[in-house]
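# From the sequence below, what's the structure:
(2 chains)
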Amino acid sequence: MIKFDNVSKRYAGGHEALSAISFEISKGEMAFITGRSGAGKSSLLKLILAMERASTGAVFVDGVNINRLSRRQIAQHRRKIGAVFQDHQLLFDRSVFDNVALPLEICGYRPQDARRRVRAALDKVGLLRKERLYPEMLSGGEQQRVGIARAVVNRPSIILADEPTGNLDPDLSTDVMNVFQQFRDVGVSLLVASHDISLISKLNCRTITLEAGKITEDYSAGGGS
Amino acid sequence: MKSEKLLRSRNNQRRDSPSLSSWVQMHRRTALQSWQRLLKTPASSFATIFVIAVGLLLPALLYGVSSNLSSVLDNLNGSAQISLFMDRGSTASELRLVREDLLFDDAISNVELISSEQALEEFSAATGLSEISQQLSDNPLPATLVVTPMDADPQSVATLAARLGATPHVELVQVDSQWIQRLTAVSRLVAVSGQILTIVIVLGLFFIVGNTIRLAIENRRDEIRVVKLVGGTDAFAARPFLYAGMYYGLGGGMLATMLQFAVVIGFNSALQDLLQLYESNFHLQGFGFTSIAALVLGGGAIGWLGALLASFRQIAAIDP
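Here you go, the predicted model:
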């Protein structure tokens, strides 16, 4: 589903965020990326989302080289991906409901269909009762969960998450991971950047460790397939 | 296997979903949201609309003036006449003969004979100088043949006038159409300057709408970024701004129509006083459905296009 083929990412200043990365995530696989901050976790996710372009090498999603996509195709590509951002990326002048509905609005869902899906997504993250509130009325953890609901609402075939449990207490973190695992079980590929080692070890998933832009460990447990 | 099936049905659903009706619904929602956004900042929205209205009002008024002028001129041209002042020695029967001859001319539609006696009577009645005219020993006024040409355009009237100079017993030919020609030239000048002004003002309106929209985009940069991150195209991100531009333009067009009415109502009463002196029942025109529609729809189109020109590059430049 996702394939990195000898990918390097060098920024304008000469800083190399990723160097010669190769790995593959298959369909229905859930993998973690760990590493210290600055190790290249976010850069890796940005390459998949086509927010950045690889300096060398190629990133394939569903067999398509992301570097070769046109602007329009990039938009189409992003609709297949549900992304959870570290800084949430919510719209503060829209209600929780409207924030979660945004991907559906973009895909042109009928409002009545969208409503059903948004409610289901908010229910999954336990925020159904807060759909009318605005993001600024919510705690950091709740905002994070709104972001997760928005990422899954369109039932994407890939979910990318950058520190999705960063603001959550252990119970909520476990809930979020359960939601992710449900999606994995229906064939969604997930790539989660996190340094919550205790949570990761509980889940027994494949874990890719990055250090200074290089893969130093690719631990595969029975969690894949 | 089961999960694959689920995925496939999910993908199908996604492809079917954006039907025509949902596309219409989506546009309706965007249109409504843009409208509500304009209402949130009524003062600045109105300021933009007012500027557009004033911009549209100027060419609209000029167009009104020139179209009214040309309709007046059409009337005047239609009544173009040539006066043939006759030799004072010519007798009544000679004059009748000349008149009958002229009536056979293809270029002439009518000839009216005003004898010198009639002319004196009219003169006395019109000036109130009957006492003076009665004291005159003989009538100083010549008989006149008033010729109405078939073709009213200035060129052929002039040709006809030249030809009529050779008619027997004619002493003087007078064409009273030179001032009409001058007025026609003035009206053409007004029309041309109106067109040039329209071009300049439309360009100016593009900049005004463009600038307003550019500011709006700058204020909503984060939102556009997020929209793009979750898969919105540039066109999707631009859509609310195009609606906003169109609303500005439509609002400007409507306000311009109202201002135009106000100007004309004020102007018309003054004009009627003036026209009363000339016993004319001329009425201002140029406020039919077409001109209102042209102003409102033209405004809307300018607003939309201005927003399009401003938003496209700027939205494309916001790269998440």
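# how about the residues of chain A that lie near chain B?
A:28, A:49, A:51, A:71-72, A:75-79, A:81, A:83, A:85, A:89-91, A:93, A:102-103, A:105-111, A:113, A:150, A:154-155, A:157, A:185-187 (CB under 8 Å from any CB of the partner chain). Where C-beta positions appear, they are placed from N, C-alpha and C, glycine not excepted.
# Thought residue B:112 was touching residue B:146, still the case?
Yes: Residue B:146 lies in contact with residue B:112 (CB atoms under 8 Å); the separation is 4.4 Å.
# Next one: the residue nearest to the spatial centre of chain A, what pLDDT does it get?
Nearest to the mean C-alpha position of chain A, by CA atoms, centre = their mean, lies residue A:160 at 1.6 Å. Here, the pLDDT recorded for residue A:160 equals 95.
# List the beta-bridge partners for it.
When bridges are called by DSSP bridges, residue A:160 pairs up with residue A:83, residue A:191.
# check contacts around residue A:50.
Going by CB atoms under 8 Å, 6 or more residues apart in numbering or on different chains, residue A:50 touches A:66, A:69, A:74, A:77, A:78.
# so what's the first one closest to, chain neighbours aside?
Same thing as residue A:66. residue A:59 (4.5 Å; CB to CB, 6 or more residues apart in numbering or on different chains).
# Quick check: which element contains residue B:248?
Element membership for residue B:248 (DSSP states H and E) is helix B:234-277.
# how much distance is there from that helix to the middle of the chain?
Taking the mean of its C-alpha atoms, helix B:234-277 sits 13 Å from the chain's own mean (CA atoms, centre = their mean, to the nearest Å).
# With stretch B:99-112 instead?
38 Å.
# All the helices of chain A, residue numbers only.
With helices called from DSSP state H, chain A shows them at A:41-48, A:71-79, A:96-107, A:111-124, A:140-152, A:170-185, A:197-203.
# Now do the third one, average pLDDT.
Taken as a whole, helix A:96-107 has a mean pLDDT of 93.
# Mind giving me the packing neighbours of that helix?
For helix A:96-107, the packing partners by 3 or more CB pairs under 8 Å, 6 or more residues apart in numbering or on different chains; DSSP states H and E come out as helix A:71-79, helix A:111-124, helix A:140-152, helix B:221-229.
# what's the closest of those helices to residue B:137?
Smallest distance to residue B:137 across the helices and strands packed on helix A:96-107 (CB to CB): 96.5 Å, for helix B:221-229.
# Say whether chain A is contacted by that closest one.
Yes: shown here: helix B:221-229 in contact with chain A (CB under 8 Å from any CB) through B:222, B:223, B:225, B:226, B:227, B:228, B:229.
# For the residue lying closest to the second one once chain neighbours are set aside, what are phi and psi?
Spelled out, it's residue B:223. In space, and not counting its chain neighbours, residue B:223 is closest to residue A:91: 5.4 Å by CB to CB, 6+ apart. Per-residue torsions, residue A:91: phi -100, psi 120 (degrees, to the nearest 10).
# can you list contacts of the helix or strand of chain A with the lowest mean pLDDT?
Least confident helix or strand of chain A, by mean pLDDT, DSSP states H and E, is helix A:197-203 with a mean of 85. Applying CB under 8 Å, 6+ apart, the external contacts of helix A:197-203 come out as A:30, A:32, A:34, A:165, A:170, A:173, A:174, A:177, A:181, A:194, A:207, A:223.
# go again using 10 Å as the cut-off
Contact with helix A:197-203 is made by A:30, A:32-34, A:165, A:168, A:170, A:173-174, A:176-178, A:180-181, A:192, A:194, A:196, A:207, A:219, A:221, A:223, as judged by CB atoms under 10 Å, 6 or more residues apart in numbering or on different chains.
# Could you list the buried residues of it?
A:199, A:200, A:203 (16 or more other CB atoms under 10 Å in any protein chain shown).
# Do a quick rundown of the strands in chain B.
B:82-86, B:108-114, B:144-149, B:170-175 (DSSP state E).
# out of these, nearest to chain A?
Nearest of the strands of chain B to chain A, taken as CB to the nearest CB: strand B:144-149 at 67.1 Å.
# before we move on, back to that, which neighbours do residue B:146 and residue B:112 have in common?
Residues touching both residue B:146 and residue B:112 (CB under 10 Å, 6+ apart): residue B:81.
# Please list all residues in contact with the nearest residue to residue A:81 once chain neighbours are set aside.
Nearest non-adjacent residue to residue A:81, counting by CB to CB, 6+ apart: residue A:158, 4.7 Å away. Listed by CB under 10 Å, 6+ apart, the contact partners of residue A:158 are A:1-2, A:25, A:27, A:48-49, A:61-62, A:77, A:80-83, A:183, A:188-191.
# got JSON lines for the helices of chain A, with distance to residue A:13 too?
Compiled in JSON lines, the helices of chain A are given as follows (distance: least, CB to CB, whole Å):
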{"stretch": "helix A:41-48", "distance to residue A:13": "13"}
{"stretch": "helix A:71-79", "distance to residue A:13": "25"}
{"stretch": "helix A:96-107", "distance to residue A:13": "33"}
{"stretch": "helix A:111-124", "distance to residue A:13": "39"}
{"stretch": "helix A:140-152", "distance to residue A:13": "29"}
{"stretch": "helix A:170-185", "distance to residue A:13": "35"}
{"stretch": "helix A:197-203", "distance to residue A:13": "30"}
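# nearest to residue B:235, of these?
Across the helices of chain A, closest to residue B:235 is helix A:71-79 (CB to CB), at 8.7 Å.
# Buried residues of the closest one, list them for me.
A:74, A:75, A:77, A:78, A:79.
# One more: stretch A:183-193?
Buried, per 16+ other CB under 10 Å, within stretch A:183-193: A:183, A:184, A:186, A:187, A:188, A:189, A:190, A:191, A:192, A:193.
# Enumerate the residues of the stretch 201-320 of chain B near chain A.
Listed as neighbours of chain A in the stretch 201-320 of chain B under the rule CB under 10 Å from any CB of the partner chain: B:220, B:222-223, B:225-237, B:316, B:319-320.
# quick one: the nearest residue to residue A:127 once chain neighbours are set aside and residue B:231, what's the gap?
Closest residue to residue A:127 apart from its sequence neighbours, by CB to CB, 6+ apart: residue A:145 at 5.6 Å. For residue A:145, the distance to residue B:231 (CB to CB, to the nearest Å) stands at 21 Å.
# Chain B: helices as residue ranges?
With DSSP H as the criterion, chain B has helices at B:2-16, B:20-40, B:42-78, B:92-103, B:116-127, B:130-135, B:154-164, B:178-219, B:221-229, B:234-277, B:289-317.
# May I see the ones you listed organised as CSV, with mean pLDDT and mean neighbour count added?
What follows is the helices of chain B, written out as CSV (pLDDT from 0 to 100; neighbours: other CB atoms under 10 Å in any protein chain shown):
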stretch, mean pLDDT, mean neighbour count
helix B:2-16, 45, 12
helix B:20-40, 85, 14
helix B:42-78, 84, 18
helix B:92-103, 87, 14
helix B:116-127, 80, 14
helix B:130-135, 73, 11
helix B:154-164, 83, 16
helix B:178-219, 88, 16
helix B:221-229, 92, 19
helix B:234-277, 87, 18
helix B:289-317, 91, 19
